[in-house]
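*Asks:* predicted model and sequence follow; I will ask about them next.
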Amino acid sequence: MLIGEFTHGVDKKNRIIIPSKLRDNLGDTFIVTKGLDGCLYIYPKEEWLTFETKLKALPLTNKDARAFVRFFFSGANEMEPDKMGRVLLPQSLMDYAGIAEEVVSIGMMNRVEIWAKEKWLAYNDSEMDMDEIAAKMNELGI
């Protein structure tokens, strides 16, 4: 399971370290793509294949479905960390997520989210009412 929060820097070559606690559960190669909320998603290959299967089932005739699939696949890159656990992020993904000097990696059960540190801090400082959100999740059976 992918859990935890880790802060680390970005080197001059746009490489980030995938923390070993997360990397151990991601496998030798994984998929990095644009995520929702302005972050990046990293999927283990088997989770990506599951997600891909769901996306393939969406109707091609639905404009929103095409846009949703296009969003995830246009930014998708298969990656393999080097011996030090680093991956080179494409500039397009760095720009999308606003990543510059520091990132926060968050384990999210079946994927990892990579956030620009400033965006993550702003997200956490936002006026989210977790009690209200918890009540809504309860309505969904959580």
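*Replies:* Perfect, I can see it now. Numbers count the residues shown, from 1 in each chain.
*Asks:* how much space separates Asn62 from Thr50?
*Replies:* As judged by CB to CB, to the nearest Å, Asn62 and Thr50 stand 21 Å apart. Where C-beta positions appear, they are placed from N, C-alpha and C, glycine not excepted.
*Asks:* just the strands in the chain please.
*Replies:* Using DSSP state E, the strands of the chain run over residues 5-9, 15-17, 30-34, 40-44, 77-79, 86-88, 102-107, 112-116.
*Asks:* residues in contact with the closest residue to Asn77 other than its chain neighbours?
*Replies:* Nearest non-adjacent residue to Asn77, counting by CB to CB, 6 or more residues apart in numbering: Val32, 5.2 Å away. Shown in contact with Val32 (CB atoms under 8 Å, 6 or more residues apart in numbering): 40-42, 76-77, 79, 87, 89, 93, 114.
*Asks:* whichever of those residues end up buried, select them in PyMOL.
*Replies:* The PyMOL selection below is limited to those of these classed as buried (16 or more other CB atoms under 10 Å):
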select buried, resi 40+41+42+76+79+87+89+93+114
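*Asks:* okay if I get the contacts of Val32 as JSON lines plus distance to Ile16 and pLDDT?
*Replies:* Formatted as JSON lines, these follow (distance: CB to CB, whole Å; pLDDT from 0 to 100):
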{"residue": "Leu40", "distance to Ile16": "10", "pLDDT": "98"}
{"residue": "Tyr41", "distance to Ile16": "14", "pLDDT": "98"}
{"residue": "Ile42", "distance to Ile16": "10", "pLDDT": "98"}
{"residue": "Ala76", "distance to Ile16": "17", "pLDDT": "97"}
{"residue": "Asn77", "distance to Ile16": "13", "pLDDT": "97"}
{"residue": "Met79", "distance to Ile16": "11", "pLDDT": "97"}
{"residue": "Val87", "distance to Ile16": "6", "pLDDT": "97"}
{"residue": "Leu89", "distance to Ile16": "6", "pLDDT": "95"}
{"residue": "Leu93", "distance to Ile16": "10", "pLDDT": "97"}
{"residue": "Ile114", "distance to Ile16": "7", "pLDDT": "98"}
